[in-house]
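[1] sequence? don't have it. structure:
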């Protein structure tokens, strides 16, 4: 982890040194180097943050309503009735407890072997 931090700070120091020497040589014209990367970053930000929000039916776009079939509605109504009818009962699961034989013959087998 220290090695990664060392590489990071060395690269930051070299970048700062390059900026300082560029400003000393070219003055404020050195800022023209940053125009293309800033435009690319702005386009990437727009592509990842703004555009996908509009394509999935954002607030200004009405959503298409899908009407379920009668068969689906009868299934959903049946499930809702069974859930509402038994709120105090426990759910039944398809698992079964298999009784073991460890605790049954305590007299015959030694506790530690």
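    All right, it came through fine. This is a predicted model, so every value here is computed, not measured. Numbering: from 1, shown residues only.

[2] Can you find the helix or strand in the protein with the smallest mean pLDDT?
    Within the chain, confidence by mean pLDDT, DSSP states H and E is lowest for helix 51-55 among all helices and strands, at a mean of 60.

[3] what mean pLDDT would you report for the lengthiest helix in the chain?
    In the chain, ranked by residue count with DSSP state H as the criterion, the top helix is helix 2-26. Average pLDDT, helix 2-26: 90.

[4] So which other helices or strands are in contact with it?
    Counting contacts by 3 or more CB pairs under 8 Å, 6 or more residues apart in numbering; DSSP states H and E, there are no secondary-structure elements packed against helix 2-26. Every residue, glycine included, has its C-beta placed from N, CA and C.

[5] following that helix, which helix or strand comes up?
    Note on helix 2-26: by DSSP states H and E, the next helix or strand toward the C-terminus is helix 35-45.

[6] so residue 23 touches residue 29, yeah?
    No - shown here, residue 23 and residue 29 do not form a contact pair, counting by CB atoms under 8 Å, at 9.3 Å.

[7] neighbour-wise, which of those two wins?
    residue 23 (13 against 10; other CB atoms under 10 Å).
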